[in-house]
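*Asks:* My questions are about this predicted structure, shown below with the sequence.
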Amino acid sequence: MRVPAPGWQDGGVTQVWTVVVPVKRLDAAKSRLRGALPGRPHEALALALAVDTVEAVRACSVVAEVLVVTDDQAVAAATGAAGARVVPDRPAAGLNPAFRYGAAVAGDGWVAGLTADLPALRPVELAAALSAARSGPTNRRYVPDAPGTGTVLLAAPPGMPLDPRFGGNSAAAHAASGALPLLGDWPSLRRDVDTAADLAAATRLGLGAHTAPLCGTTTPTASRPV
């Protein structure tokens, strides 16, 4: 049985979600983005994506806790400073085991798994998606990425395993596993960043304070709606 997460309770309290964010070691993270920013260290970009994601989740009105699963000390330090609870990736067996481990650590409440590459994420969009996940059928729910083939968010109600299927064609894999899609108008939530083209699209939406300077954006979060 999972232990209830700190601050979790229902009934009149809106901050009910624990969001699990696994982050790879920076030297192995976001390999398809290598070279996307000439003259910038790849590890700096991967770290910025993760920290901007965590900061947006921390600012979300329905989130009680952000749980980062990582074995990278730089990630642990930066996301911890951003307000996340950091635990080591004890399975050390890839993304889905890290999600399962984080969900087990999170506690017996509303738990969501989120990818760590959402630098344009707006807290209000995440709040809308998580609130939608609590309405309708009591089931696992997922948000597909912008192309519709991947998954950026997977949510589970109390007592139901997260059962993540992230990876290639994960939207279809999550649907096949019984999860139901959430298809709101959430462009910043659905804009994960795997390629240079994805990063350009995220830049047009408005990047967070850590990714923006690396991309030469002069007005990061000050002009980005929450």
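*Replies:* The structure has been received and is ready for your questions. Residues are numbered from 1 along each chain as shown.

*Asks:* Please report the distance of the residue nearest to Val16 when sequence neighbours are not counted from Asn169.
*Replies:* Residue nearest to Val16 in three dimensions, not counting chain neighbours: Trp110, with 4.9 Å by Cβ to Cβ, 6 or more residues apart in numbering. Every C-beta, even on glycine, is put in place using the N, C-alpha and C of the backbone. Per Cβ to Cβ, to the nearest Å, Trp110 is found 26 Å from Asn169.

*Asks:* the more surrounded of these two?
*Replies:* A direct count of neighbours by other Cβ atoms under 10 Å for Trp110 and Asn169 places Trp110 higher, at 24 against 12.

*Asks:* Who does that one form a beta bridge with?
*Replies:* For Trp110, the beta-bridge partners are Trp17 (DSSP bridges).

*Asks:* doesn't Thr18 make contact with it?
*Replies:* Yes - between Trp110 and Thr18 there is a contact under Cβ atoms under 8 Å: 7.2 Å.

*Asks:* ok now stretch 42-55, how far from the chain's centre?
*Replies:* Counting by Cα atoms, centre = their mean, to the nearest Å, stretch 42-55 is centred 11 Å from the centre of its parent chain.

*Asks:* Could I get the full set of strands for this structure?
*Replies:* Here the chain has its strands, by DSSP state E, at 17-22, 63-69, 85-87, 110-114, 141-144, 151-156, 180-181.

*Asks:* Check these for me and report the most buried one.
*Replies:* Mean neighbours per residue, mean count of other Cβ atoms under 10 Å, is largest over these for strand 110-114, with a mean of 28.
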